[in-house]
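Asker: Here is the input, now give the coordinates:
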Amino acid sequence: MPDRRPPRAFRFGLYELYPESGELRRAGIRVALQDQPFRILVRLLEQPGTLVTRDELRELVWPANTFVDFEQGLNAAVKRLRDALGDSAEQPRFVETLPRRGYRFIAPVERSERRQPAAPGHGRASVARAALGVLILVTLGSALAPRHRQDAYRTPIRSIAILPLRSLTEGAGQEWFAAALTEALGSTFSQIGSLTPVSSTSTRPYDHAGKTPAQIADELGVDALLEGSVSRGGDRVSVRVALIDPLTGRKLWARSYEREIGDALAIQNEIALAAARELSVMLDSSEQERLSQKRPLNTDAYVAYLRGRYLSTRWQEGGCPEAEPHLLRAAQLEPWFAPAHATLAFCYVFPDRTNRAAGVVLPLARVAAAKAVALDDLNAEAHLAMGLVKGRLDYDWAAAEAELRRATELAPGSAGPHIVLAELLVATGRADEGVAEARYSLRLSPYWMDNNVALGHLLLRVGRYEEASQQLRRTLELDDSYSTARLWLAESYAYQGAREAAVAEYLSWLDRALLPSRAAQSRARLEQAYARSGWLGFWRSELELAEEEARRPETVWRTPYGRYCGPIFMARRYGRLGAWSRVLTELERAYESRHHLMMFLEREPYFDGLRQEPRFRDLVRRVGLDRTSLQTTDAAGLRAAQR
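Answerer: Sure thing, here's the model as predicted:
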């Protein structure tokens, strides 16, 4: 029988819950939680690891004489509870759902008789008692301090932030190596299913300068921090890492490694294994196998791979066109190295990012993905690449979903498979599930700009325009130069009927997307069109501008604005103005080039006027969306954007 005597406190992760005072605290800071979610959490904590049925919770929170939609009320209360804990229904750290049965608390729970800390000003007696208690605890702690450091941790560690490695290499232009190695290290940690790694670096490093470990952990929602440095000299690399307890700021563990650069892969595995052992994290046999592989790489091959991987996600520094030769060199020098082929496939699957014809690069994507999976069936990036190929090139959504879910199984802490799966779920009609998956991906990599934009874009696709606006504004607070966020923000305002805001954001996007020599003139042209002819006049003038840009030489077409003159975006422009025959022509071009936004064909409000047109229905069939059950688009939002 569970112990039903109410303790004065429950402790789990960084949280403490005090039933008597009705307070939930995270690292000492109070967390707002309404009464119903609070009572549900107390019941779950009373029986950790045990199913608490929905009927039990009904009796606890909604007495028999209460008239309420119980199912909706319980779902809403559990959602508020998860939001307070930073938890996810799809990848739970604390509250697990047992479908149609109930819920279970899955994290370790410590029951304590410790009282809620008194507020300041409670008199000398309280101060004296507190001082005496501290003295006793310090004395006992010194006498009884456990020998194994894990026993000294205040709470079990289940999540860890990988902070950007500092570059100690002399000379300009060497920072990329530290950034690339940080991302590779994060990918290694993502393979440990019982430890959630939060990436604090991607296209924009997390700025933790001047912040305490406790502040960093609170902002990133983690239990521990991994920090360190890297230096490179000739063919050798030196890596120093330390595991930090954010509550005390002390180092729990520190290691140094100096090897040939070709052994960097082994260093990453050793760091992850050592950290897991130090934190008493259990690894299953497959995780042990993957992290124990120490096959050395040719030094030039690994440097080329890191450089290619780094560039592939940074279009400002050249993106996939610059990444491709590095990845090809890595694959040539070490043909067995699956990650090089997987990253190549990732580049090729987006033809508009390569500035090459779709007919040339798409077959290369299929070959690279197939080779990656054949070389290493336990590599998550290989299955991610195959998922992209199956979905966005072959329109085989069931096979794509299977590959993506396999990738999330192999690397549950990797954000990439989760965000691609989120887009697939939204495109195929599972809006709520897709948005939840996108939010979880963002938790794993909160400073990845593509991730932030993707969540805003998906909220836009499912008609949650205000939420989309909020998310995209937050994205621009991270990096106001990220043009795609500003474009989708303009659209979210348009769907809400906020025309002035939509036009302002679009013009701001234009300033960054066009060549400087054309930006001022084009902005003035559109401003005059809006002043003279209003909303539709603005978009007619913008369409003319896009048609002109699309006819310009390829060097100009490669500007950000030029990329948005491709067929799928031209189809959206024509649809906004009701030019349906032109929409169909552009959509056929987008289908041939396998543009990734074709997956949202049934979620594009600008195509609503074509829903029953036979040619459009045939396109829907060819994209594999004819058998999915989709929610209807927001007709009111479309009307607001078109008027």
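Asker: residue boundaries of the helices in the stretch 1-150 of the chain?
Answerer: 35-46, 54-61, 70-85, 124-144, 149-152 (DSSP state H, counting those that start in this stretch).
Asker: Kindly report the same for the stretch 451-600 of the chain.
Answerer: Using DSSP H, counting those that start in this stretch, the helices of the stretch 451-600 of the chain run over 465-478, 483-495, 499-513, 516-550, 554-557, 560-563, 567-576, 580-593.
Asker: Export these to CSV and append columns for mean neighbour count, distance to residue 231 and mean pLDDT.
Answerer: To be clear about C-beta, it is placed using only N, CA and C from the backbone, and glycine gets the same treatment. Below are the helices of the stretch 451-600 of the chain laid out as CSV (neighbours: other Cβ atoms under 10 Å; distance: least, Cβ to Cβ, whole Å; pLDDT from 0 to 100):
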stretch, mean neighbour count, distance to residue 231, mean pLDDT
helix 465-478, 19, 29, 93
helix 483-495, 24, 35, 94
helix 499-513, 19, 36, 93
helix 516-550, 15, 38, 93
helix 554-557, 12, 39, 55
helix 560-563, 20, 35, 77
helix 567-576, 22, 44, 95
helix 580-593, 18, 44, 95
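Asker: Select, out of those helices, the one closest to residue 101.
Answerer: Closest approach to residue 101 among the helices of the stretch 451-600 of the chain is made by helix 465-478 (30.1 Å; Cβ to Cβ).
Asker: list the contacts for residue 522?
Answerer: Neighbour list for residue 522: 510, 514, 545 [criterion: Cβ atoms under 8 Å, 6 or more residues apart in numbering].
Asker: what sits against the second one?
Answerer: Just to be clear, that refers to residue 514. 522, 549, 559, 560, 561.
Asker: again, but for residue 458
Answerer: 422, 423, 426, 434, 435, 438.
Asker: Can you redo the helices of the stretch 451-600 of the chain as JSON lines, where the extra columns are distance to residue 607?
Answerer: Listed next are the helices of the stretch 451-600 of the chain as JSON lines, based on distance: least, Cβ to Cβ, whole Å:
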{"stretch": "helix 465-478", "distance to residue 607": "18"}
{"stretch": "helix 483-495", "distance to residue 607": "14"}
{"stretch": "helix 499-513", "distance to residue 607": "19"}
{"stretch": "helix 516-550", "distance to residue 607": "16"}
{"stretch": "helix 554-557", "distance to residue 607": "25"}
{"stretch": "helix 560-563", "distance to residue 607": "21"}
{"stretch": "helix 567-576", "distance to residue 607": "5"}
{"stretch": "helix 580-593", "distance to residue 607": "7"}
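Asker: Between those, which one is closest to residue 369.
Answerer: Here helix 580-593 is closest among the helices of the stretch 451-600 of the chain (Cβ to Cβ), at 18.1 Å.
Asker: Please report the number of neighbouring residues for the nearest residue to residue 35 once chain neighbours are set aside.
Answerer: Ranked by Cβ to Cβ, 6 or more residues apart in numbering and with sequence neighbours excluded, the top spatial neighbour of residue 35 is residue 22, at 7.7 Å. By other Cβ atoms under 10 Å, the residues close to residue 22 number 13.
Asker: which phi and psi does residue 22 have?
Answerer: phi 70, psi 40 (degrees, to the nearest 10).
Asker: pretty sure residue 231 belongs to a strand, no?
Answerer: Yes: using DSSP: H, G, I helix; E, B strand; the rest coil, the assignment for residue 231 is a strand.
Asker: burial measure for it, as a count.
Answerer: Neighbour count of residue 231, defined by other Cβ under 10 Å: 19.
Asker: Tell me who's in contact with it.
Answerer: 167, 168, 169, 237, 238.
Asker: Return the set of residues that bridge with it.
Answerer: residue 238 (DSSP bridges).
Asker: and what of residue 244?
Answerer: residue 225, residue 251.
Asker: thought it was touching residue 212?
Answerer: No: using Cβ atoms under 8 Å, residue 244 makes no contact with residue 212, being 10.4 Å away.
Asker: When the two are compared, which one has more neighbours?
Answerer: The residue with more neighbours, out of residue 244 and residue 212, is residue 244; 22 against 11, by other Cβ under 10 Å.
Asker: What are the boundaries of the strands in this protein?
Answerer: 9-12, 15-18, 23-26, 29-31, 52-53, 95-98, 102-105, 110-112, 159-162, 166-167, 196-199, 224-233, 236-244, 251-260 (DSSP state E).
Asker: Show me the domain layout of this structure.
Answerer: 9-112, 159-296 (automatic domain parsing).
Asker: so which of the contacts of residue 522 comes closest to residue 467?
Answerer: Of those, the one sitting nearest to residue 467 (Cβ to Cβ) turns out to be residue 510, at 25.2 Å.
Asker: rewinding a little: turn the contacts of residue 522 into JSON lines, including distance to residue 371.
Answerer: Formatted as JSON lines, the contacts of residue 522 follow (distance: Cβ to Cβ, whole Å):
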{"residue": "510", "distance to residue 371": "41"}
{"residue": "514", "distance to residue 371": "39"}
{"residue": "545", "distance to residue 371": "42"}
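Asker: ok, so of these, who is nearest residue 46?
Answerer: Distance to residue 46 across these (Cβ to Cβ) is lowest for residue 510, with 57.8 Å.
Asker: Pull up the gap between the closest one and residue 54, please.
Answerer: To residue 54, residue 510 is 52 Å away according to Cβ to Cβ, to the nearest Å.
Asker: Over to residue 417?
Answerer: Residue 417 is 31 Å from residue 54, by Cβ to Cβ.
Asker: neighbour count winner among the two?
Answerer: Taking other Cβ under 10 Å, residue 417 and residue 54 do not tie; residue 417 has more neighbours (27 against 17).
Asker: That one contacts residue 407, correct?
Answerer: Yes: with contacts counted by Cβ under 8 Å, residue 417 reaches residue 407, the gap being 3.7 Å.
Asker: Find residues that contact each of these two.
Answerer: 380, 383, 384, 387.
Asker: Just the buried residues out of these, in PyMOL syntax.
Answerer: To isolate the buried members of the shared contacts of residue 417 and residue 407 in PyMOL, using 16 or more other Cβ atoms under 10 Å:
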select buried, resi 380+383+384+387
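Asker: Identify those among the shared contacts of residue 417 and residue 407 that sit within helices.
Answerer: In helices, judged by DSSP state H, the following of the shared contacts of residue 417 and residue 407 are found: 380, 383, 384, 387.
Asker: Could you pull out the buried residues of stretch 296-303?
Answerer: 297, 298, 299, 301, 302, 303.
Asker: And stretch 273-281, by the same measure?
Answerer: Within stretch 273-281, judged by 16+ other Cβ under 10 Å, the buried ones are 273, 275, 276, 278, 279, 281.
Asker: so residue 290 touches residue 189, yeah?
Answerer: No: with contacts counted by Cβ under 8 Å, residue 290 stays clear of residue 189, the gap being 11.8 Å.
Asker: Show me which of those two is the more surrounded one.
Answerer: Neighbours per residue (other Cβ under 10 Å) separate residue 290 from residue 189, with residue 189 holding more: 24 against 20.
Asker: Contacts only, for the nearest residue to that one once chain neighbours are set aside.
Answerer: Of all residues not flanking residue 189 in the chain, residue 197 sits nearest, at 3.8 Å (Cβ to Cβ, 6+ apart). Residue 197 makes contact with 159, 160, 161, 162, 186, 189, 190, 413, 444, according to Cβ under 8 Å, 6+ apart.
Asker: Kindly report the same for residue 175.
Answerer: Here residue 175 is in contact with residue 167 (criterion: Cβ under 8 Å, 6+ apart).
Asker: Please tell me the pLDDT value assigned to it.
Answerer: The model reports residue 175 with a pLDDT of 83.
Asker: so how far is residue 381 from it?
Answerer: 23 Å.
Asker: how about the buried residues of stretch 273-281, which pair is most distant?
Answerer: So, the buried residues of stretch 273-281 by Cβ to Cβ: farthest apart are 273 and 279, at 11.1 Å.
Asker: what separates the residue nearest to residue 538 when sequence neighbours are not counted from residue 513, distance-wise?
Answerer: Nearest residue to residue 538 in three dimensions, chain neighbours excluded: residue 530, at 4.1 Å (Cβ to Cβ, 6+ apart). Separation of residue 530 from residue 513 (Cβ to Cβ) stands at 18 Å.
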